[in-house]
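**Q** no sequence on hand, only this structure:
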């Protein structure tokens, strides 16, 4: 809502060009709370620069890489699901906004 105030009030939206411009503007402003935060990225595996330390902890490092590869696949799936959800929501919001514009233009 604070972003709307920065636009100096809703009446200025009428000055914007077409309905498409207004739709895009409101769509961008309404997407402030992204849900991608629910897709935590895995922690990148650490490999020590010291060759002896790498040999000493080889089992742990291998396991970290295997976990990372498993987790990054889950992360990609989560992002894809979130992308699909966001596109669906954007489509619904655009349709709702179109109905709103029809209502106020009558």
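**A** Cool, the structure landed. None of these values were measured; they are calculated from a predicted model.
**Q** spatially, what comes nearest to residue 64 if we skip its sequence neighbours?
**A** Beyond its immediate neighbours in the sequence, the residue positioned closest to residue 64 (Cβ to Cβ, 6 or more residues apart in numbering) is residue 45, lying 4.1 Å away. Backbone N, C-alpha and C define where each C-beta goes, glycine included.
**Q** which elements pack onto the host helix or strand of residue 66?
**A** Residue 66 is part of helix 58-105 when elements are defined by DSSP states H and E. Where contact means 3 or more Cβ pairs under 8 Å, 6 or more residues apart in numbering; DSSP states H and E, helix 58-105 is packed against helix 19-29.
**Q** so in this protein, where's the weakest helix or strand by average pLDDT?
**A** For the chain, using mean pLDDT, DSSP states H and E, the weakest element among its helices and strands is helix 2-6, scoring a mean of 45.
**Q** poorly predicted segments of this structure, please.
**A** Across the chain, the ranges flagged by pLDDT under 70 are 1-37.
**Q** per-domain residue ranges of it.
**A** 1-30, 36-105 (automatic domain parsing).
**Q** what is the neighbour count of residue 78?
**A** For residue 78, the tally of surrounding residues (other Cβ atoms under 10 Å) stands at 16.
**Q** nothing else from me, thank you.
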